[in-house]
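[1] Pasting a predicted model and its sequence here:
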Amino acid sequence: MSDQPDCLDTTEERTWDAAVLAFRLLDQRVEHDLQEEVGLPLTYYELLVMLSKDPHGSLRMSELAERTHTRPSRISHAVRKLTEGGWVERRHCEDDRRSWFAVLTDQGRELLRDAGARHVRSMREYVFDVLTPEQRDQLLDISRTLLGRLDPDHAAEYGARVRSGPQEASA
């Protein structure tokens, strides 16, 4: 830890800057690949993936907003665009008529297969093929640690231990 609590030391600053730039560029490259090959923004792809992981292919709009840490209005806009493409349907919740579900369509599953193949190629090219097995393990461990601190409600889904403070991070 830095001697000055309000400043990062040189190594911390370089680490942070490199991580931010690397993940920003990774997002941009993957976004470009998906747009070029299947005409789908990365955020829309991620929503389709979330829907596909549900046994019924559907999630409440509020659940999508929570899982993506996004405002409900942004989810509504994205789902509207996915609906216009025929990849998702919006349905009222039978238990609560104020709530809506986003439901993956068969056409959405087809798009997801194509987009998923492109996404896997991008992930291999930009991440997994350039890291050693040890670095991949380290990336997983670091990601789980950060998720345990930043998103304790969903951290367990990734095998993360929830850590509530800096004192526990070193334990």
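    Okay, I see it.

[2] neighbours around Thr43, how many?
    Residues within reach of Thr43, counting by other CB atoms under 10 Å, total 17. Using the backbone N, CA and C atoms, a C-beta is placed for each residue, glycine as well.

[3] Pull the contacting residues for it.
    Going by CB atoms under 8 Å, 6 or more residues apart in numbering, Thr43 touches Thr68, Ala78.

[4] The same query, at a cut-off of 7 Å, please.
    By CB atoms under 7 Å, 6 or more residues apart in numbering, the residues touching Thr43 are Ala78.

[5] mind checking which helix or strand it is in?
    Using DSSP states H and E, Thr43 sits within helix 42-53.

[6] Buried residues, the top helix by length along the chain. List them.
    Ordering each helix of the chain by length in residues (DSSP state H) puts helix 10-38 first. For helix 10-38, burial by neighbour count (16 or more other CB atoms under 10 Å) applies to Val30, Glu31, Asp33, Leu34, Val38.

[7] Domain-wise, how is the protein divided?
    Domain ranges of the chain: 10-130, 132-171, per automatic domain parsing.

[8] rank those domains by pLDDT, which is bottom?
    With a mean of 78, domain 132-171 has the lowest mean pLDDT of the domains of the chain.

[9] in it, what's buried?
    Buried residues in domain 132-171 (16+ other CB under 10 Å): Arg144, Leu147, Gly148, Arg149, Ala155, Ala160, Arg163.

[10] The first one is in contact with Tyr158, isn't it?
    So that's Arg144. Yes: if you go by CB atoms under 7 Å, Arg144 and Tyr158 touch, sitting 5.7 Å apart.

[11] one step back: after the helix holding Thr43, next one along is what?
    Next element after helix 42-53 (DSSP H and E): strand 58-60.

[12] For the host helix or strand of Leu112, name the packing helices and strands.
    Element membership of Leu112 [criterion: DSSP H and E] is helix 106-123. Counting by 3 or more CB pairs under 7 Å, 6 or more residues apart in numbering; DSSP states H and E, the packing neighbours recorded for helix 106-123 are helix 10-38, helix 42-53.

[13] angle of it against helix 10-38?
    140 degrees (axes from the mean of the first three to the mean of the last three CA atoms, to 10 degrees).

[14] Give me the distance between helix 106-123 and the centre of its chain.
    Relative to the chain's own centre, helix 106-123 is displaced by 15 Å; criterion: CA atoms, centre = their mean, to the nearest Å.

[15] Equivalent analysis for stretch 28-45, please.
    The answer for stretch 28-45 is 14 Å, by CA atoms, centre = their mean.

[16] for stretch 104-119, same thing?
    On CA atoms, centre = their mean, the centre of stretch 104-119 falls 16 Å from that of its chain.
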